[in-house]
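>>> coords please:
(2 chains)
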Amino acid sequence: MAHFIDRRLNGKNKSTLNRQRFIRRYKKQIKEAVSDAINKRSVTDVSSGESISIPQRDISEPIFHQGKGGNREHIHPGNDQFTTGDKIQRPPSGQGGGAGEGNASDQGEGQDDFVFSISKDEYLDLLFEDLELPNLQKSQLDKLVQMKTHRAGFCNDGMPSNLDIVRSLKGSVARRIAMTASKRKQLKELEEQLAALLEEPVPKQTQIQQLEQEIAELKRKIDAVPFIDNYDLRFRNYEKRPHPTSKAVMFCLMDVSGSMDQATKDMAKRFYILLYQFLTRTYKDIEVVYIRHHTQAKEVDEQEFFYSQETGGTIVSSALKLMDEIIADRYAQGDWNIYAAQASDGDNWADDSPHCTDILTNKLLKVVRYYAYIEITTRAHQSLWREYQGIADTFDNFAMQHIRSVEDIYPIFRELFKKNRQQNAA
Amino acid sequence: MTYNPLNDGPDWTFDLLEEYQADIARVAAHYRLDTYPNQIEVITAEQMMDAYSSVGMPIGYAHWSYGKKFIQTEQTYKRGQMGLAYEIVINSDPCIAYLMEENTMPMQALVMAHACYGHNSFFKGNYLFKAWTDASSIIDYLVFAKNYVAKCEQKYGIDEVENLLDSCHALMNYGVDRYKRPQQISMYEEQKRQKEREDYLQSQVNELWRTIPKGKQQDEREDVKFPSEPQENILYFIEKNAPLLESWQREIIRIVRKVSQYFYPQRQTQVMNEGWATFWHYTILNHLYDEGKLSDAFMLEFLQSHTNVVYQPPYNSKFYSGINPYALGFNMMVDIRRICEDPTDEDKYWFPEFAGKDWLDTLHFAMENFKDESFVSQFLSPKIMRDFKLFTIIDQEKSPHLEVGAIHDESGYQKVRNSLSAHYNLSNHEPNIQVYNVDIRGDRSLTLRYVPHNKVPLADSKKEVLKHLYRLWGFPVKLEEQQDDGTVSILGQCPQENKEDSI
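Next up is the predicted model:
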């Protein structure tokens, strides 16, 4: 009447499709939650998913049901004090009957948000949907390469270390069989003749002698075929093929002069977070170089980059110069994809701005994949912006955007990396 | 009687499950429990969450709301706010029951007795399930539904299908025939008929909406009301009569209707079903213990779980969330047995028809022929009301106070019993809304009429539901309310009136 089935090994993800449907339906809300959430992250934290919160009212499924009011009769267990006809003060909330349901909500709406987690991949997908790295395809073949050694069959020449012994010996066996086949056949015939002669009652000694000589001669010839010859040798062959590199380096340049306050730095940080996470979708290994500058530039670690206080004037070109040196020193352009993001409040020593243009156009923009400049300020643009605008017009791997407040960051980021950016910009 | 207990675990093995199952089956047969064959599936906690979120259907069509349910279940489970149920059982033939891998041996035995013999025999014996569901075809039908919905998604796009399902789900509770006996047909016939039905339905709809003049005889019928009687099954009405739907859309409405109908008996027999199953796991395992088949350790673990399940917190407890159907059902079943075996004078006065009779016959009779509402009004004894200390609260909208209507005393028993019975009457909770009129000669608008029960108004969600209804119907939809004194007022319409004015 009963049989048992062990279903434990069956897939446990029966609900995956329905879950995807849910995420698909609430993509808009989830995206908003995602873009809010990036603010809380460290630049290089890409290992975790994200907890998403959607207002409950957005996901409700309406049905006809009774509202409050009307005449009702409730029934409850555990009477400890009432007798028929007792009057009870109405509970203020209108919940009635002491049902004790409904958790208090801090939003005054009486509804909690619907909170759930999405995985890292889902998070990144949502965050960077419809975005692509600019200039990726164009230069993929000429620059983005790294040579990788692949097996490519066998060849006759090579270094002893690449010798393929099994193949060589197979060749040797085949050659020896081929070169001795006719002689072995002859040998066999002669041996048969010899045996026949020896069988005869009166052996003919001369014939026997002659045959034995021939046999010895043949055996000598067979033995003379070398066990292994140069022809036999087979070497494993390798060839180098171009391979798109998966290494990238991201330069974060930031002005830390007196005019940059912590709020501005935080905004810049968010932009760097986005860029870093975006790059992880394309590249396996990413290094981040932090360069901060006031009148002098210095390479620092993340903590110092964002949180140490500095004062002083501003010379942007110092950072660009340092970046150029670091590239020359550590990131030879062949196998590194170089990205750079510069954040500043737009202040620069006026005489320095043409200098920046010079370094960028003549050196940096020739080697970097993409250079993004964001200006975080609520004031009017200054010389650096005007100077950069000239660059943006001539180079398509240079982009600049203006950020006024925190809310701008994600839209601006999307603006920078939107698919078909060039066409739109044109 | 020999004391030769089965291995009490705590770890279970498949061999051990078989042994317990055999003994439980033997005792169940002794008590005349008639069941479908059992298919017992051992699953993991993750799989249990899947089963949860598909609301008890072993196979379901894809829809985001199940994804939402799954995410909710997963979240609450992971945070430890909720334990998973020990079992899920599906009303099908063979009856599918899930055992969770994490359970100990005593728990597995309890679940088998509870689900595979308790619930299972209830599914097979209760009149509502017999009339409304066809256990042998449900799995096939769900497979058909899943494939059909998937096919429609490919053909017409996920969004189209999702919107349609959303609208159907909003009206799901109105996809049930409450008074008609439904037809049962098998998967094979279902498929055979489907194509036929498509063509036929479409032709019927066209007939209804025909605008070609039909000659003089027809003109007299212009005032004829359509539908001639108010229709309670809104989804059915739409499936058959909505003018603009395509045949695949009608088929999907039909699928939602069928699923709703399949669950309809479960919503009406919660107390009985759980009470019956709980009574039998309790009785069967105690029987086995008396035979010396179960160890004391087993019984202690079993009783601990059992007592948790049948605990009824009082109204002022922080754990209180309404009357626990397990507790009420179980206690009523036990009480029926007591009344049969050992009736007091009070019982003889209240239940002359079965006090002192054979308890097993009485219980089987009760299980087979009642639903919660009628079961309570037939079998709730004064003793249970006293044990539960039941009391009623009257909540009059106009009165500034709540009033205690009746308590568990001589003068209150009848009232409390009526009140509890009404509490399980679905029609008191589900707003009475029916298709009242279609303006077939005019703007084709559909009018629904709401008749309030005890002056309880409709909740605000009605506006949203009307939008869904409008999507299905394709022409304006109105909702009116009929008061006690017969006056009719308009509660809402879709599209909104003011929009029309501005046009």
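>>> any buried residues in stretch A:350-369, and which?
Taking 16 or more other Cβ atoms under 10 Å in any protein chain shown as the neighbour-count basis, stretch A:350-369 is seen to contain the buried residues A:352-353, A:355-357, A:359-360, A:363-365, A:367-369. Every C-beta, even on glycine, is put in place using the N, C-alpha and C of the backbone.
>>> how far does that stretch sit from the chain's center?
Distance, stretch centre to chain centre, for stretch A:350-369: 29 Å (Cα atoms, centre = their mean, to the nearest Å).
>>> let me know the helix or strand that B:R267 is in.
B:R267 belongs to helix B:247-268 when assigned by DSSP states H and E.
>>> identify the bridge partners of A:E287.
A:V249 (DSSP bridges).
>>> roughly how far does it sit from chain B?
When distance is defined by Cβ to the nearest Cβ, to the nearest Å, A:E287 is 36 Å away from chain B.
>>> pull the CA atoms of the helix or strand harbouring A:D266 into CSV?
Using DSSP H and E, the secondary-structure element containing A:D266 is helix A:262-280. Output in CSV follows, covering the C-alpha atoms of helix A:262-280 (Å, rounded to 0.1, in the frame of the first residue of the first chain):
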residue,chain,number,x,y,z
GLN,A,262,34.7,64.4,3.3
ALA,A,263,31.3,64.5,1.6
THR,A,264,32.9,65.2,-1.7
LYS,A,265,35.4,62.3,-1.2
ASP,A,266,32.5,60.0,-0.3
MET,A,267,30.9,60.8,-3.6
ALA,A,268,34.1,60.1,-5.4
LYS,A,269,34.4,56.8,-3.5
ARG,A,270,31.0,55.7,-4.7
PHE,A,271,32.0,56.3,-8.2
TYR,A,272,35.2,54.3,-7.8
ILE,A,273,33.2,51.4,-6.3
LEU,A,274,30.9,51.3,-9.3
LEU,A,275,33.8,51.4,-11.7
TYR,A,276,35.6,48.7,-9.9
GLN,A,277,32.6,46.4,-9.8
PHE,A,278,31.9,47.1,-13.4
LEU,A,279,35.4,46.1,-14.4
THR,A,280,35.2,42.8,-12.4
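>>> in that helix, what counts as buried?
Neighbour-count burial for helix A:262-280, counted by 16+ other Cβ under 10 Å, picks out A:264-265, A:267-280.
>>> same question, stretch A:16-36
For stretch A:16-36, the buried set under the neighbour-count rule, 16+ other Cβ under 10 Å, comprises A:17-19, A:21-23, A:25-26, A:29-30, A:33-35.
>>> which intervals of the chain have sub-threshold pLDDT?
Let's take chain A. Counting by pLDDT under 70, chain A contains low-confidence ranges at A:1, A:12, A:35-49, A:56-58, A:92-112, A:130, A:132-147, A:242-246, A:332-335, A:419-426.
>>> chain B is the one I meant
In the predicted model of chain B, residues B:1-3, B:55-56, B:80-86, B:179-193, B:195, B:199, B:201-224, B:497-503 satisfy pLDDT under 70.
>>> center of it, which residue is that?
Averaging the C-alpha coordinates of chain B gives a centre point, and the residue nearest to it by Cα atoms, centre = their mean is B:R267 (2.3 Å).
>>> and it, how far from A:I215?
With the distance defined as Cβ to Cβ, to the nearest Å, B:R267 ends up 103 Å from A:I215.
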